[in-house]
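1. Predicted coordinates and the sequence they were generated for:
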Amino acid sequence: MPVKQLETRVRHLPDLAIIDLQGEIDSFAEHILDAAYSDAESKLPNTILLNFTKVDYINSTGIALIVSLLARARKSQRYLAVCGLSEHYIEIFRITRLADFMNIYPDEAKALVDVQKSTTRTQ
């Protein structure tokens, strides 16, 4: 089965950046993921949402890359959230305790509702 190299797209909304991910998150994804995250944080959002809806595969190196994004977010006092994970990867996020440090939403719509509520409470 051919490898599906990671592709990203960053969408900027008020106080939120969404990184749409597509393909596989493995060692080959590091530079692509870093560039997307840098683009996402360029407009200084409070929250960055990683959308995994079109991600086919995440290996242990991919999990480590996500951990590094979490560390970047925490260092800059930014909130990192995720949506669109399959049940398998939700379980992986729980086992690795990533779920302890970021909210996991079933889809983007539910994430946006929660992020908007959080933004309203902090204003």
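-> Alright, I've got the coordinates. Residues are numbered from 1 along each chain as shown.

2. tell me the contacts of the spatially most central residue of the chain?
-> Taking Cα atoms, centre = their mean, the centroid of the chain lies closest to Leu50, which sits 2.2 Å from it. Residues in contact with Leu50, defined by Cβ atoms under 8 Å, 6 or more residues apart in numbering, are 19, 21, 66, 69, 80-83. In short, each C-beta sits where N, CA and C put it, glycine included.

3. mind running it again at 10 Å?
-> Going by Cβ atoms under 10 Å, 6 or more residues apart in numbering, Leu50 touches 8, 17-21, 25, 33, 36-37, 40, 66, 69-70, 80-85, 102, 111.

4. Please apply the same query to Phe28.
-> Applying Cβ under 10 Å, 6+ apart, one finds that Phe28 lies in contact with 3, 5-6, 61-62.

5. Pretty sure it sits in a helix.
-> Yes. Judged by DSSP: H, G, I helix; E, B strand; the rest coil, Phe28 forms part of a helix.
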